[in-house]
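Student: Any chance you can model this:
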Amino acid sequence: MFADSGEGVVMDFVRWAARAGALAVTLVVLLLAVWPVAATTPAFTHPQDRPAEPSAQAALSPLLAVTQAGTRIVAVGLRGHIVLSDDGGRSWRQAAVPVSSDLLAVSFPTPSQGWAVGHGGVVLHSADGGATWQRQLGGEAASAEGGTPSFLDVHFENERTGYVVGTFNRILRTDDGGKTWAPWMDRTDNPQGLHFYAIRGGAAGLYLAGEQGMVWRLDEATQRFVAIPTPYKGTLFGLVTAGRDELLVFGMRGSLFRSGDRGKSWARIPTGSSAGITGGAALPDGRLLLVNQAGGLDLSGDRGQNFHPVKPAHPMPYFGVAALGGGRIGLVGAQGVRLEALGTEP
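Tutor: Below is the predicted model of the structure:
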């Protein structure tokens, strides 16, 4: 998110603030606290050439995405931090990561094969459930595809086919597990070069969400992402698919919209909060969960037609959420990673 050069800090913060909103202020304070030291360091090593530093506080530092790799929980975040738990969140250990770039998203289509993406166009791959990682794509390689983007999300359908998406219409696809990547920028109805903040797939199809209230759906026949406007004109941070036809998209100022026909029509869903919605997940029992920057959780038992607040045990500003099974969820945010029990009531 934040560059290590002085001139890059402001622009990187502006881009990221569109995603993180008010919580960005917290991270800027943290950055400024260490900036005088960093600015006087005589030798500069690019974060993509510097392994993530070990930290006893890695699981308590800002983390931005969480998922499950089999029974293991994996969370990623700032400075290349990746943490793992094999005992249901009771203890955490830090993974070996070859970069210290900020990591924004993670996807494990199988218990062993996983990918993480982030600042500077970095794409990491793990073949051992997240314990160790190797860089598949970085700044220089990404530049060959037309600039150095920040990849904001990743989605793998299986251990071979996946997508990475990010700023300025950047989207790449692989069909060989990340050994090679093909640019798909010409396969999107996005002439303005809007940012893609999220990519998600399910029974309802494969979708992108991004700036100016835009959603795109992959047309299987043409292999092209077709634009689907929504009634909203602000930034959409993410989306959740539910069933074969239902789709939820969410973003700034508590904005939440639902479609029951794969994006042909939309209805605004009230949440009772103006906090930016930063993450969502479909639970195994069919319920839908949303998290927001103010530390709020909202739960739906009717496929997203209505939501009601749920009080977390230890709230914090949230960045992401993942369903872990057994009525448990993984939450990441300003104070690291936490697990909560929601129960299994409908």
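Student: how close does residue 80 sit to residue 244?
Tutor: 38 Å (C-beta to C-beta, to the nearest Å). Where C-beta positions appear, they are placed from N, C-alpha and C, glycine not excepted.
Student: Between these two, tell me which one has more neighbours.
Tutor: Higher neighbour count among residue 80 and residue 244: residue 80, with 28 against 10, using other C-beta atoms under 10 Å.
Student: ok, and the closest non-adjacent residue to residue 315?
Tutor: Counting by C-beta to C-beta, 6 or more residues apart in numbering, residue 315 lies nearest to residue 295, which is 3.3 Å off, once chain neighbours are set aside.
Student: just the CA coordinates of stretch 94-103, formatted as PDB?
Tutor: This file holds the C-alpha atoms of stretch 94-103, laid out as PDB (Å, rounded to 0.1, in the frame of the first residue of the first chain):
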ATOM      1  CA  GLN A  94       4.500 -16.400  10.900                       C
ATOM      2  CA  ALA A  95       5.100 -17.800   7.400                       C
ATOM      3  CA  ALA A  96       8.300 -17.400   5.500                       C
ATOM      4  CA  VAL A  97       7.600 -14.700   2.900                       C
ATOM      5  CA  PRO A  98      10.200 -13.500   0.300                       C
ATOM      6  CA  VAL A  99       8.800  -9.900   0.100                       C
ATOM      7  CA  SER A 100       7.900  -7.200   2.500                       C
ATOM      8  CA  SER A 101       5.300  -5.600   0.200                       C
ATOM      9  CA  ASP A 102       1.800  -5.100   1.700                       C
ATOM     10  CA  LEU A 103      -0.400  -8.000   0.900                       C
END
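Student: Tell me the bridge partners for residue 290.
Tutor: Judged by DSSP bridges, the bridge partners of residue 290 are residue 280, residue 298.
Student: Please list all residues in contact with it.
Tutor: 240, 248, 250, 256, 271, 277, 279-280, 297-299, 307, 321 (C-beta atoms under 8 Å, 6 or more residues apart in numbering).
Student: If we only consider those residues, which is nearest to residue 138?
Tutor: Nearest to residue 138 out of the contacts of residue 290 is residue 279 (C-beta to C-beta; 26.2 Å).
Student: pretty sure that closest one contacts residue 321?
Tutor: Yes - contact status for residue 279 versus residue 321: in contact at 4.4 Å, counting by C-beta atoms under 8 Å.
Student: list the residues that contact both of these two?
Tutor: Common contacts of residue 279 and residue 321 (C-beta under 8 Å, 6+ apart): 290, 291.
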